[in-house]
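Novice: Please work out how this folds:
(one chain, ligands or ions: 2)
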Amino acid sequence: MPTVLTNIGQLASARAELSAKDAGLVADAALAWADTGRILFAGRAADLPHDLRSAPTIDARGATVIPGLVDCHTHLAFAGWRADEFTLRCRGAEYAEIAARGGGILRTVKATRAASEDDLVQRARGFLSAMLGVGVTTVECKSGYGLTLDDELKLLRVYQQMRPDFTGTLVSTFLGAHVVPPEFRDNRTAYIHLVCDQMIPRVAAEKLAGFCDVFVENGAFTPDEARQVFAVSKAHGLRPKLHVDQLADGGGAALAAEVGAISAEHLEFASDDGLWGMAAAGVVAVLLPIAALYLNKPPLDARRCFALGVPVAVATDFNPGSAPSYHLPFAMTLACTMNRMTPAQALRGATIVAARAIGLESELGSLEPGKRADFVLLDAESVEHWLYQLRPNAVVGVYAAGRRVA
Ligand code: NIG
Ligand code: FE
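Specialist: Residues are numbered from 1 along each chain as shown. Ligands and ions are numbered 1, 2, ... in the order given. Got it, this is the predicted structure:
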């Protein structure tokens, strides 16, 4: 039996075929879905097909309805926090400097190696349920705080364990090439071999991830090392993703185009040439304004991407260092003020374009017939007003596959 959500003040369909500036806004709308959890209709209430007019209804009481948000870049499972580093940065220390002194990512690696899989699951579940509460129904989760074969598998198994109980969608990414761990400091080649010869084959054989990410930056990996990793990951069916050009222009955007990455993230220092290459290769730019805010780095002007034809997504980058917040609506408001996106572009960036960044754009990310009925009701008169007057939480209902989950 279908269900119809009526009395929607504004519906944002974020349909894929609309232009980058068009959130697909419809006033006085209705949304219908089948028992299968698939959308049957999304549009003007006046156009609701006759066969759906006698279906049971739910009253949206004038709420704004958007697609379930997609956080396409998080480091969800980790142990410990690094609040003291936040204070050091507030006093003027640089992120890279803290890392060089043994803090940063390696500190979280140490804590995460010491944590049990069960403890990590319990903690990550708490984060996920809070994310659902702010409207996030799909989450991409990276490994990268293990950096041994067993600890990387442990992190990816955390995500695998959470998947059956999570009512939304979880996607995993292998980030064994996050940084070189201390035991390989004097032999980085051996670490690349470990990633390529042991980690990737196991991750692929156990179907623990769909993507392979590499952090390309001074203090992390070089473009050539990333090329080696991706040659192997692609042979195992793991599509490339990249953390690039976050602290300096390392040619990362062009590299993303060259290796056929599905997405490239950060990009604060990307060159126009690199972005042009990404546009030509169809690589999604994933902007992470919370990280730019916390590290006090100049944000990327998204209008450069739009002018060149690069699709732009927005994500949190949730992690204990550069982005300790999982509040995706906060990232969307920052994308407007810092990256110069419009609320409509930010909405697309955290729904349909984010879905594309994880290969799920035909399944979810917009409100149109055939897609998963993942949607969020907002106590706001419009998408514009929601992102303008950012409140702790304007969400009044979250549905995944047509079932109320928050
Ligand atoms: O996306 N850039 C690399 N990795 C993370 C930071 C992780 C951390 O600081 O723990 C990021 O910003
Ligand atoms: Fe990240």
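
Novice: quick one: the strands in the stretch 1-150 of the chain?
Specialist: 3-12, 25-33, 39-44, 57-59, 64-67, 69-74, 136-142 (DSSP state E, counting those that start in this stretch).

Novice: other SSEs contacting the third one?
Specialist: Using 3 or more Cβ pairs under 8 Å, 6 or more residues apart in numbering; DSSP states H and E, the elements in contact with strand 39-44 are strand 3-12, strand 25-33. Yep, even glycine has a C-beta here, placed from its N, CA and C like the rest.

Novice: What count of nearby residues applies to the residue in the stretch 201-350 of the chain positioned nearest to ligand 1?
Specialist: As assessed by Cβ to the nearest ligand atom, ligand 1 sits closest to Gly321 within the stretch 201-350 of the chain, at 2.2 Å. Number of residues near Gly321 (other Cβ atoms under 10 Å) recorded here: 24.

Novice: same thing with Asp186?
Specialist: Neighbour tally, Asp186, other Cβ under 10 Å: 8.

Novice: Over to Gly282?
Specialist: 14.

Novice: ok, it - contacts?
Specialist: Neighbour list for Gly282: Pro311 [criterion: Cβ atoms under 8 Å, 6 or more residues apart in numbering].

Novice: Near ligand 1, which residues of the protein? Just list them.
Specialist: 75, 104-105, 108, 215, 243, 246, 291, 317, 319-322 (Cβ under 6 Å from any ligand atom).

Novice: Okay, and Gln345 sits in which element?
Specialist: Per DSSP states H and E: Gln345 is located in helix 343-349.

Novice: hang on, the earlier thing: pLDDT at the residue of the stretch 201-350 of the chain closest to ligand 1, what is it?
Specialist: If you check Gly321, the pLDDT there is 97.

Novice: Identify the residue spatially nearest to it, adjacent ones excluded.
Specialist: Leaving out its chain neighbours, the residue that sits closest to Gly321 by Cβ to Cβ, 6 or more residues apart in numbering is Arg82, at 5.5 Å.

Novice: The one you found contacts Thr108, doesn't it?
Specialist: Yes: with contact defined as Cβ atoms under 8 Å, Arg82 reaches Thr108; the gap is 6.9 Å.

Novice: contacting residues for Val283?
Specialist: Ala253, Ala256, Ala257, Ala261, Ile262, Ser263, Ala264, Gly277, Val310.

Novice: Make sure the last one is actually in contact with Gly274.
Specialist: No: taking contact to mean Cβ under 8 Å, the distance of 9.9 Å between Val310 and Gly274 leaves them out of contact.

Novice: hang on, the earlier thing: any residues in contact with both of Arg82 and Thr108?
Specialist: Pro320, Gly321.

Novice: And the nearest residue to Pro49 once chain neighbours are set aside, how far from ligand 1?
Specialist: Nearest non-adjacent residue to Pro49, counting by Cβ to Cβ, 6+ apart: Phe41, 6.2 Å away. For Phe41, the distance to ligand 1 equals 39 Å [Cβ to the nearest ligand atom, to the nearest Å].

Novice: and Phe41, how many neighbours?
Specialist: Other residues close to Phe41 by other Cβ under 10 Å number 21.

Novice: same deal with Ala253?
Specialist: Close neighbours of Ala253, defined as other Cβ under 10 Å, add up to 31.

Novice: so it is in which element?
Specialist: helix 252-258.

Novice: For that helix, enumerate the helices and strands it packs against.
Specialist: Helix 252-258 packs on helix 223-235, strand 239-244, strand 263-266, helix 272-281, going by 3+ Cβ pairs under 8 Å, 6+ apart.

Novice: Return the list of helices and strands in contact with the last one.
Specialist: Which is helix 272-281. If you count contacts as 3+ Cβ pairs under 8 Å, 6+ apart, helix 272-281 packs onto helix 252-258, helix 302-308.

Novice: got the CA positions of the last one in CSV?
Specialist: Only the C-alpha atoms of helix 302-308 are listed here, as CSV (Å, rounded to 0.1, in the frame of the first residue of the first chain):
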residue,chain,number,x,y,z
ALA,A,302,33.2,27.1,-5.7
ARG,A,303,32.4,29.5,-8.4
ARG,A,304,35.7,28.6,-10.1
CYS,A,305,34.5,25.0,-10.2
PHE,A,306,31.0,25.9,-11.6
ALA,A,307,32.6,28.1,-14.2
LEU,A,308,34.7,25.2,-15.4
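
Novice: Starting from whichever helix or strand comes after it, tell me which strands it pairs with and how they run.
Specialist: For helix 302-308, the succeeding helix or strand toward the C-terminus, using DSSP H and E, is strand 312-314. Strand 312-314 has the following strand partners under DSSP bridges: strand 284-287 (parallel).

Novice: which residues are in contact with the following helix or strand past the strand it pairs with?
Specialist: For strand 284-287, the following helix or strand on the C-terminal side (DSSP H and E) is helix 289-295. Helix 289-295 has contacts (Cβ under 8 Å, 6+ apart) with 86, 89, 95, 246, 266, 268, 297-300, 314, 316-318, 322-325, 327, 330-331, 334-335, 338-339.

Novice: Please apply the same query to stretch 48-58.
Specialist: Contacts of stretch 48-58 (Cβ under 8 Å, 6+ apart): Met1, Pro2, Thr3, Val4, Leu5, Thr6, Ala30, Ala32, Leu40, Phe41.

Novice: before we move on, back to that, now distance to Val139 and pLDDT too, for the contacts of Val283, in CSV please.
Specialist: CSV is the format used below for these (distance: Cβ to Cβ, whole Å; pLDDT from 0 to 100):
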residue, distance to Val139, pLDDT
Ala253, 25, 98
Ala256, 22, 98
Ala257, 26, 98
Ala261, 20, 98
Ile262, 16, 98
Ser263, 15, 98
Ala264, 19, 98
Gly277, 29, 98
Val310, 23, 98
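
Novice: Any of those residues buried? List them.
Specialist: With neighbours counted using 16 or more other Cβ atoms under 10 Å, the contacts of Val283 contain these buried positions: Ala253, Ala256, Ala257, Ala261, Ile262, Ser263, Ala264, Gly277, Val310.

Novice: so what's the closest residue to the fifth one other than its chain neighbours bridging to?
Specialist: This points to Ile262. Once flanking residues are discounted, Ile262 sits nearest to Arg239: 5.0 Å by Cβ to Cβ, 6+ apart. Assessed by DSSP bridges, Arg239 has beta-bridge partners Phe211.
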